[in-house]
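>>> quick one: sequence and predicted model below, then my questions.
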There are 2 protein chains.
Amino acid sequence: MIIITGHVLARPDSIDELCALSLDHVRRSRAEPGCISHAVHIDIEDPLRLVFLETWSDREAVGAHFAVPESLAFVKAARGLAAEPPVIAVYEARPLGM
Amino acid sequence: MIIITGHVLARPDSIDELCALSLDHVRRSRAEPGCISHAVHIDIEDPLRLVFLETWSDREAVGAHFAVPESLAFVKAARGLAAEPPVIAVYEARPLGM
């Protein structure tokens, strides 16, 4: 499976719009093939920082997700509303029984 | 590396205490050997849901973290403040260049 994490720092004047756009993106993404989970959160230590956590079935699903026009539009909009460049990390992951 | 995700649903009367305890746990854990990142967040869709995201260097570091008395005390306290049993997942993870 694939885990994606990401974070974006909003500006005080952009946090509400960024939250709304992020929620639209999350809810749309959940309906895509291979999406196991997709959610967005506020960092308790920084109320302007949005943190994304996603799990996907495989690389192909993530590749298709990244190519969805609405995903690309979201990334572009998020960049415009961010105080600094958003960060994203993609991992191949295997559940452990710890 | 290891990724740990977790979430716990607070009660309206326990959310403030659970946030404070979680933040103490996060900040204490960051100083432990092998901790790459450790943070706690509020789910945008549910202000009573706390979501943890942690990255560790290896299994041994996670095993030591789980055995720290303060970690065990935090888990016990979090269970007592939760509206439903907390959920935790541990993954062996490899960064991808996607």
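Yep, that arrived. Numbers count the residues shown, from 1 in each chain, chains lettered A, B, ... in the order given.
>>> quick one: A:Asp16 from A:Ser22, how far?
11 Å (C-beta to C-beta, to the nearest Å). All C-beta atoms are positioned from the backbone trio N, CA, C, and that covers glycine.
>>> tell me which of these two has more neighbours.
Neighbour tally, A:Asp16 and A:Ser22, criterion other C-beta atoms under 10 Å in any protein chain shown: the higher count belongs to A:Ser22, 24 against 11.
>>> so that one, which of the three states?
Here A:Ser22 is helix, with the state taken from DSSP: H, G, I helix; E, B strand; the rest coil.
>>> wait, A:Arg11 sits on A:Leu81?
Yes - contact criterion C-beta atoms under 8 Å: A:Arg11 and A:Leu81 qualify, at 7.2 Å.
>>> between the two, which one's more packed in?
More crowded of A:Arg11 and A:Leu81, by other C-beta under 10 Å: A:Leu81, with 21 against 13.
>>> excluding its backbone neighbours, what's nearest the more buried one?
A:Ser14 (4.0 Å; C-beta to C-beta, 6 or more residues apart in numbering or on different chains).
>>> list the contacts of the one you found.
If you count contacts by C-beta atoms under 8 Å, 6 or more residues apart in numbering or on different chains, A:Ser14 has them with A:81-83.
>>> now flag whichever of those is closest to B:His7.
Among these, A:Ala82 lies closest to B:His7 (C-beta to C-beta), at 25.3 Å.
>>> so what's the closest one bridging to?
Note on A:Ala82: beta-bridge partners by DSSP bridges are A:Ala10.
>>> now do the contacts for it.
A:Ala82 neighbours (C-beta under 8 Å, 6+ apart): A:8-11, A:14, A:18.
>>> can you count the residues close to the closest residue to A:Pro47 other than its chain neighbours?
Nearest non-adjacent residue to A:Pro47, counting by C-beta to C-beta, 6+ apart: A:Ile15, 7.5 Å away. Neighbour count for A:Ile15, taken as other C-beta under 10 Å: 18.
>>> likewise A:Ala20?
11.
>>> got the residues of chain A near chain B?
Residues of chain A lying close to chain B (C-beta under 8 Å from any C-beta of the partner chain) are A:2-3, A:5, A:19, A:22-23, A:39-45, A:50-51, A:53, A:59, A:62-63, A:66, A:89-98.
>>> let's verify A:Cys19: helix, strand, or coil?
helix.
>>> relative to A:His25, how far out is it?
Counting by C-beta to C-beta - A:Cys19 and A:His25 are separated by 11 Å.
>>> now the strands for chain A?
Per DSSP state E, chain A carries strands over the ranges A:2-9, A:35-43, A:46-56, A:87-96.
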